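1. I'd like to go over a predicted model; first the sequence, then the structure.
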Amino acid sequence: MDIKPLSDRILVKAFEEDEMKKGGIIIPDTAKEKPQKGEVMAIGPGRLTDDGERLPMEVKAGDMVLYGKYSGSEVTIDDDKYIILRESDVLAIL
């Protein structure tokens, strides 16, 4: 995959939730919550300040991150689902 996000954006592959919970209950697709955890696949070069200085990114490719439930934009690339979001939408690095 040769995708380079722009500015302070990152490309995240979301982890899908298991269809079956510990008690053996199968959750239908309509009742599943959006994933909030994923792996960073690619990062942009960083945000430009008003002075033209580029701020380095805190996350790097390969990091596991937690992000807001309704953050970013979902995209499909080669039949895989990804989320493009800003670095500020990342809540934590795992």
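-> On my side now, so go ahead.
2. quick one: buried residues of stretch 49-62?
-> Buried positions in stretch 49-62, judged by neighbour count with 16 or more other C-beta atoms under 10 Å: Met57, Val59. Glycine gets a C-beta too; all of them are placed from N, C-alpha and C.
3. Which of the helices and strands in the chain ranks last by mean pLDDT?
-> Least confident element among the helices and strands of the chain, by mean pLDDT, DSSP states H and E: strand 73-77 (a mean of 89).
4. could I get it in CSV with only the CA atoms?
-> Output of strand 73-77 as CSV, limited to C-alpha atoms (Å, rounded to 0.1, in the frame of the first residue of the first chain):
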residue,chain,number,x,y,z
SER,A,73,-13.5,9.5,7.8
GLU,A,74,-13.9,5.8,6.8
VAL,A,75,-12.3,4.8,3.5
THR,A,76,-12.0,1.5,1.7
ILE,A,77,-8.7,0.7,0.0
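5. for it, packing partners?
-> In this structure, strand 73-77 makes packing contacts with strand 80-86, judged by 3 or more C-beta pairs under 8 Å, 6 or more residues apart in numbering; DSSP states H and E.
6. Next, the distance between the ends of stretch 43-51.
-> For stretch 43-51, the separation between the terminal residues is 22 Å (C-alpha to C-alpha, to the nearest Å).
7. Just give me how far that stretch sits from the chain centre.
-> 18 Å (C-alpha atoms, centre = their mean, to the nearest Å).
8. Which residues does it contact?
-> Applying C-beta atoms under 8 Å, 6 or more residues apart in numbering, the contact partners of stretch 43-51 are 4-11, 54-57, 59-61, 87.
9. which element is the residue nearest the centre of the chain on?
-> Computing the C-alpha centroid of the chain and ranking residues by C-alpha atoms, centre = their mean puts Val12 first, at 3.1 Å. Applying DSSP states H and E as the criterion places Val12 in strand 9-14.
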